[in-house]
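Engineer: sequence-free structure coming up:
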């Protein structure tokens, strides 16, 4: 088990930007062809609740994250399109073991934090670094994470449904997305706005706005 801060070592300098401040060109990132076959990171475009497996480890389902640390660990299987979401006090390190996860690095980790009296959801995505294959497809991985993150956020809301039913104000929490990369272009922070808005954003809206 580990915390989000320990798994993702935050760079000393990150570019902090909001989705609204991105240019049209940046939002409509064009996927370049690669000599290496790259599987889609999170399968179907439409969120399917039947594909989601949720594990609650040592947390009370209705307990507010201000009172008790709450971290989401989400992984995906390209073969079955199944998604596994763990809700715990720490990152579920066991879920990230194995050669497949170490090769793909397509996990998403998120942590609730109280900042200046308001709850915020901090989301972490690994774009590149660790091995050269990820560096070669960093541009594509950034595009895919941006496209699929709204579905990931919906999985958080659906999988932790009791928490949101009892604390509906969390839907207004600001979502901060940390993209971790050894390449400066993709090593940055983006503010995606309120959770309800970030989770409802579609890929078409990201490319046309």
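Structural biologist: Received, thanks. Just so you know, these numbers come straight off a predicted model, no measurement behind them. Residues are numbered from 1 along each chain as shown.

Engineer: Tell me the helix or strand right after the strand or helix carrying residue 149.
Structural biologist: Element membership for residue 149, per DSSP states H and E: helix 138-159. Per DSSP H and E, helix 138-159 leads on to helix 161-166 as the next helix or strand towards the C-terminus.

Engineer: Identify the residues contacting that next one?
Structural biologist: 61, 62, 63, 64, 65, 70, 157, 170, 171 (CB atoms under 8 Å, 6 or more residues apart in numbering). C-beta: built from backbone N, CA, C; applies to glycine.

Engineer: What residues of that helix count as buried?
Structural biologist: 163, 164 (16 or more other CB atoms under 10 Å).

Engineer: Quick one, grab the pLDDT at residue 1.
Structural biologist: pLDDT recorded at residue 1 is 46.

Engineer: from now on call the first residue 41
Structural biologist: Taking 41 as the first residue, the last one we looked at is residue 41.

Engineer: How about residue 93, nearest residue that isn't a chain neighbour?
Structural biologist: Closest residue to residue 93 apart from its sequence neighbours, by CB to CB, 6 or more residues apart in numbering: residue 124 at 4.9 Å.

Engineer: cool, residue 234 as well?
Structural biologist: Per CB to CB, 6+ apart, closest to residue 234 is residue 212, 5.1 Å.

Engineer: got it, and residue 167?
Structural biologist: Of all residues not flanking residue 167 in the chain, residue 221 sits nearest, at 3.9 Å (CB to CB, 6+ apart).

Engineer: Spatially central residue in this protein, please.
Structural biologist: With distances taken as CA atoms, centre = their mean, the residue of the chain nearest its centroid is residue 148 (4.0 Å).

Engineer: Test of understanding: give the bridge partners of that one.
Structural biologist: For residue 148, the beta-bridge partners under DSSP bridges are residue 114, residue 165.

Engineer: residue contacts, it?
Structural biologist: 112, 114, 163, 164, 165, 185, 189, 192.

Engineer: and the third one, how many neighbours?
Structural biologist: As a burial measure, the neighbour count of residue 163 was computed by other CB atoms under 10 Å and equals 24.

Engineer: again, but for the fourth one
Structural biologist: As a burial measure, residue 164 scores 20 neighbours (other CB under 10 Å).

Engineer: Also the first one?
Structural biologist: For residue 112, the number of neighbouring residues by other CB under 10 Å comes to 25.

Engineer: Surely it and residue 125 touch.
Structural biologist: Yes - if you go by CB atoms under 8 Å, residue 112 and residue 125 touch, sitting 6.2 Å apart.

Engineer: Spell out which residues are contacts of both of the two.
Structural biologist: Common neighbours of residue 112 and residue 125 (criterion: CB under 8 Å, 6+ apart): 196, 199.
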